[in-house]
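J.: Dropping a prediction and its sequence here:
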Amino acid sequence: MGLIAVGLAFFAGQSSFADQSKKEQEPVKQAETTSQSANLASLPILPELTMASHFSGVPYAQSGVSVSVVNVKKLQTEGIETLSGALASVPGVYTQDGGSTFQRGSVSKTIIRGMNQAAYTLTMVDGMRISDPNTTGDKYFGITDLFSLGGLEIVKGSQGAVYGSGAVGGVVAMETPTGDGKPTTKIFAEAGSFDSVTSYVTSQGRLDKLTYFVGVGYEYTANDPSIYVGESTEYKNPTTKNNDFEQWSEALRLTYDVNDKVTVSLTYRRNDATLQYPTLDWNAWPADTIYVNEDKNHIDLITAKIDAKLTDKWTSSLMVGYYGQLYTCHQPDLNPEPSYYKTTTDKVQMEWRNLMTWNKKWKTTWGMAWDRTDYKAVSPNYEAPQNQLDNVYAFFGEQMWSPSDYFDASLALRLEHSTVWNNHFTWRYSNVWNVQGKDAATRIIGSIGSGFRAPTFLEQKGSYKSWGSLYQGNPDLNVAKSLGGDLGIEQRLATDHYFTLTGFWTRVNDEISSAKKTGYRTWENMSHSTSYGIETSFFGKLSDYWNTGYELSYTYTMPKGSEMKNGTIQLNDTARHMIKGTVYCSPIESVTTGFRVLSAMNRTCWNGQIDNFCTVGWFAKWQATEKLAFHLRVENLTNEKYLITNDYDFGPREARGTGVYGGVSFEF
């Protein structure tokens, strides 16, 4: 790796970065002004590129992989400000804005196409893997906002060949914005229900060869903590046991063009978040004693990258990154110790990636990666501290073939060696048929690939007590392996109007699940679980009618386990039916308004079925001047009452009620 870095640095003095790489970065730039992004109908219907579905950025129309490229600026105009809210709008993704357990700031379980374990969704930020067998991305999903994101993609299906361990259901890939154009600064401020305050300041632009983006944000909310207490039939809101969430966050990206063929970049992200939430004390009887949990998350993420065009055919990239997370859980009412439960994760990653463009028909991506993770966890419940050091070495490649304007195909392969779980090989094949050529009205995609999920330290070697039960790890656990595929069609019905239909399936063999033994519980490789279904959507815009736009999607998923649990074979924490929709218009040029609908049915939790729900939101934005805008939104307009979760450890939780929020943004 050191020789590679020296070689790239040498080329920096006599060659420069590839024009293609610059073009690949354009979709994640956040250079639009407030006035440009105010009119939703002016935004493109289809994305130009996908950066996350292959080893290198490719035109969206030439990718056969099922991917949702989220327009972050568009969602912000619609009043969606959080990562969990953005994910909740994506077809095939089951999650809820504000988190799936304790509302805003809590863990946010993101289930892609019915793959119900947090370890089945891989999280990537600025090219760094921030999730692994021991550390999932659910906490990161719950605290991240959209102000510090320029690119967001959800790659669906088993993606082990591109991303390695954990990409069983799919991948959530995020990028810090890249600055461009005239330097501008934007101030955003909002306040509303539940004592909520959100503020964010961003500055971005280009100064000769240097582009920059910097953002600093603060938010606070008391949430709306309703909890089912004892034998009562009502949900109670304990006024002295709040559900407060508070966070400071920062983001930075610097990109410097050494010359026209070499670019170096640096990113830095930091989160300091605290969440307090009421919890039932199940050790008391009846279980109506409430105490406070206090969760704290401190996250640092740093990446450095150099991209160079070494020859006319060879583009190379070297990335080095560090991710550190400190998570503590404290119950001040019950335990005076400052950290009742504490985990630390330190990850160092290096990746060397090369793109060989042989001709218009053939492209090859190849490279290698090293990922070192040091994971530690301490709790009074553990008989001994958890401590696992894992080094993962990966060799990967992808061959892309474009024999004509009608057909594109790719084959990706990856071999990984872990010092903990040994070797694993994954693969993926995808293709796309543009029926009428480059600007086809009909586009047919299909892919099939494998993935895997390695067991955690706790599942292999852990020993702890929880709620009176003893848990023992199983050192003989096998890696859980997945195979999945999809087949879909994207049809242009008329100018700026589209219809999509995709069928999908995934099977996980040797799934890791808890099992009850005499006197204790452990983990075993169960037979299998499967998930299959369809995603369908309609979206488009009517520019001649108040600049009206619309999006409507329906997802049917049947996630099944090999065993009956709680009277059902449907996997926990899944929904069988999801309906999502948005409609917006501009009755006058400076005003944009619209409604959002989110509904989930046949939902499950740890103990069986829980409530169906259908929530409605309204948003409006007035662009008073070119630089000044006012916005207003109402969440859960009908004050829908439903359970977020019925978790045994924390008690049934009800969703937030109606919330009204308003604010202003100013750009200069």
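T.: Structure received.

J.: Would you mind measuring from Leu487 to Lys481?
T.: 22 Å (C-beta to C-beta, to the nearest Å). To be clear about C-beta, it is placed using only N, CA and C from the backbone, and glycine gets the same treatment.

J.: quick one, which of those two is more surrounded?
T.: Lys481 (20 against 16; other C-beta atoms under 10 Å).

J.: doesn't Cys329 make contact with Glu294?
T.: Yes - using C-beta atoms under 8 Å, Glu294 makes contact with Cys329 at a distance of 7.2 Å.

J.: Let me see the contact set for Trp248.
T.: Trp248 is in contact with Val216, Gly217, Tyr218, Asn271, Asp272, counting by C-beta atoms under 8 Å, 6 or more residues apart in numbering.

J.: Please indicate which of those has the highest neighbour count?
T.: Asn271 (22 neighbours).

J.: Please identify which helix or strand holds the closest residue in space to it that isn't next to it in sequence.
T.: Excluding the flanking residues, the one nearest Asn271 by C-beta to C-beta, 6 or more residues apart in numbering is Ile299, at 4.3 Å. Assigned by DSSP states H and E, Ile299 belongs to strand 290-309.

J.: so after that strand, what's the next helix or strand?
T.: Defined by DSSP H and E, the subsequent element after strand 290-309 is strand 314-330.

J.: can you map out the strands along the stretch 401-550 of the chain?
T.: 407-418, 422-434, 442-453, 463-466, 469-472, 480-494, 497-509, 512-517, 520-525, 528-542, 548-565 (DSSP state E, counting those that start in this stretch).

J.: Indicate which one of those is closest to Ala222.
T.: Nearest of those to Ala222, taken as C-beta to C-beta: strand 463-466 at 29.0 Å.

J.: Now do the closest one, average pLDDT.
T.: Regarding strand 463-466, the rounded mean pLDDT is 77.

J.: now stretch 304-313
T.: Here the average pLDDT along stretch 304-313 is 96.

J.: gap between the two ends of that stretch?
T.: 24 Å (C-alpha to C-alpha, to the nearest Å).

J.: same thing with stretch 631-640?
T.: 23 Å.

J.: Gln520 contacts Asn474, correct?
T.: Check again: residue 520 is Tyr, not Gln. No - applying C-beta under 8 Å, one finds Tyr520 not in contact with Asn474, separated by 11.0 Å.

J.: Which one's more surrounded, those two?
T.: More crowded of Tyr520 and Asn474, by other C-beta under 10 Å: Asn474, with 18 against 12.

J.: residues in contact with that one?
T.: Glu459, Gln460, Thr522, Trp523, Glu524.

J.: which non-adjacent residue is nearest the second one?
T.: Pointing back at Gln460 there. Gly473 (5.0 Å).

J.: Give me the pLDDT for that neighbour.
T.: In this model, Gly473 carries a pLDDT of 89.

J.: Centre of the chain to stretch 163-174, how far?
T.: The chain centroid and the centroid of stretch 163-174 are separated by 9 Å under C-alpha atoms, centre = their mean, to the nearest Å.

J.: likewise stretch 487-504?
T.: Counting by C-alpha atoms, centre = their mean, stretch 487-504 comes out at 24 Å from the chain centroid.

J.: Give me the contacts around it.
T.: So stretch 487-504 is in contact with 45-46, 66, 92, 113, 156-157, 441-446, 484-486, 531-543, going by C-beta under 8 Å, 6+ apart.

J.: what mean pLDDT would you report for it?
T.: 96.

J.: Can you report how many residues lie near the residue nearest to Lys465 when sequence neighbours are not counted?
T.: Leaving out its chain neighbours, the residue that sits closest to Lys465 by C-beta to C-beta, 6+ apart is Asn381, at 5.3 Å. Neighbour count for Asn381, taken as other C-beta under 10 Å: 14.

J.: who's in contact with the spatially most central residue of the chain?
T.: Per C-alpha atoms, centre = their mean, the C-alpha nearest to the average position across the chain is that of Val172, at 3.7 Å. If you count contacts by C-beta under 8 Å, 6+ apart, Val172 has them with Leu87, Thr110, Thr121, Leu122, Thr123, Met124, Gly137, Phe141, Leu152, Glu153, Ile154.

J.: what sits against the nearest residue to the fifth one once chain neighbours are set aside?
T.: So that's Thr123. Excluding the flanking residues, the one nearest Thr123 by C-beta to C-beta, 6+ apart is Gly137, at 2.9 Å. Going by C-beta under 8 Å, 6+ apart, Gly137 touches Thr110, Ala118, Thr121, Leu122, Thr123, Ile130, Ser131, Val172.

J.: What residues are bridge-paired with Asn509?
T.: Counting by DSSP bridges, Asn509 is bridged to Lys481, His528.

J.: Can you check the pLDDT for Phe650?
T.: Confidence score, pLDDT, at Phe650: 60.

J.: which residues touch the closest residue to Ala575 other than its chain neighbours?
T.: Nearest non-adjacent residue to Ala575, counting by C-beta to C-beta, 6+ apart: Ala600, 4.0 Å away. Listed by C-beta under 8 Å, 6+ apart, the contact set of Ala600 reads Tyr94, Ala575, His577, Met578, Ile579, Asn612, Phe613.

J.: so where is the stretch 451-600 of the chain shaky, pLDDT-wise?
T.: By pLDDT under 70, the low-scoring segments of the stretch 451-600 of the chain are 466-468, 564-568.

J.: And for the chain?
T.: 1-39, 41, 227-241, 280-289, 333-339, 466-468, 564-568, 647-651.

J.: need the helices for it, in chain order.
T.: 2-12, 19-25, 34-38, 72-77, 83-88, 138-143, 160-163, 457-461 (DSSP state H).

J.: What ranges does the stretch 551-668 of the chain have for its strands?
T.: Using DSSP E, counting those that start in this stretch, strands in the stretch 551-668 of the chain cover 568-570, 575-585, 591-605, 608-610, 613-623, 628-635, 643-647, 651-654, 659-667.

J.: so what strands line up beside the second one?
T.: In its sheet, strand 575-585 lies beside strand 548-565 (antiparallel), strand 591-605 (antiparallel), with partners assigned from DSSP bridges.

J.: Mind putting those strands into CSV with distance to Gln436?
T.: CSV is the format used below for the strands paired with strand 575-585 (distance: least, C-beta to C-beta, whole Å):
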stretch, distance to Gln436
strand 548-565, 25
strand 591-605, 33
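
J.: Out of those strands, which is closest to Pro278?
T.: Of all the strands paired with strand 575-585, strand 591-605 comes closest under C-beta to C-beta, at 18.5 Å.

J.: in that closest one, what counts as buried?
T.: Val591, Thr592, Thr593, Gly594, Arg596, Leu598, Ser599, Ala600, Asn602, Arg603, Thr604, Cys605 (16 or more other C-beta atoms under 10 Å).

J.: what do you get for stretch 609-617?
T.: Buried-residue list, stretch 609-617, by 16+ other C-beta under 10 Å: Ile610, Asp611, Phe613, Thr615, Val616, Gly617.

J.: now, among those residues, which is nearest to Asn223?
T.: Of those, the one sitting nearest to Asn223 (C-beta to C-beta) turns out to be Thr615, at 15.8 Å.

J.: If that closest one is in a bridge, with which residues?
T.: Bridge pairing for Thr615 - DSSP bridges - gives Leu598.

J.: picking that back up, out of the strands of the stretch 401-550 of the chain, flag the one nearest Thr311.
T.: Closest among those, using C-beta to C-beta: strand 407-418, at 22.5 Å.

J.: May I see the buried residues of the closest one?
T.: Buried, per 16+ other C-beta under 10 Å, within strand 407-418: Asp408, Ala409, Ser410, Leu411, Ala412, Leu413, Arg414, Leu415, Glu416, Ser418.

J.: Of those residues, which is the nearest to Leu552?
T.: Asp408 (28.4 Å).
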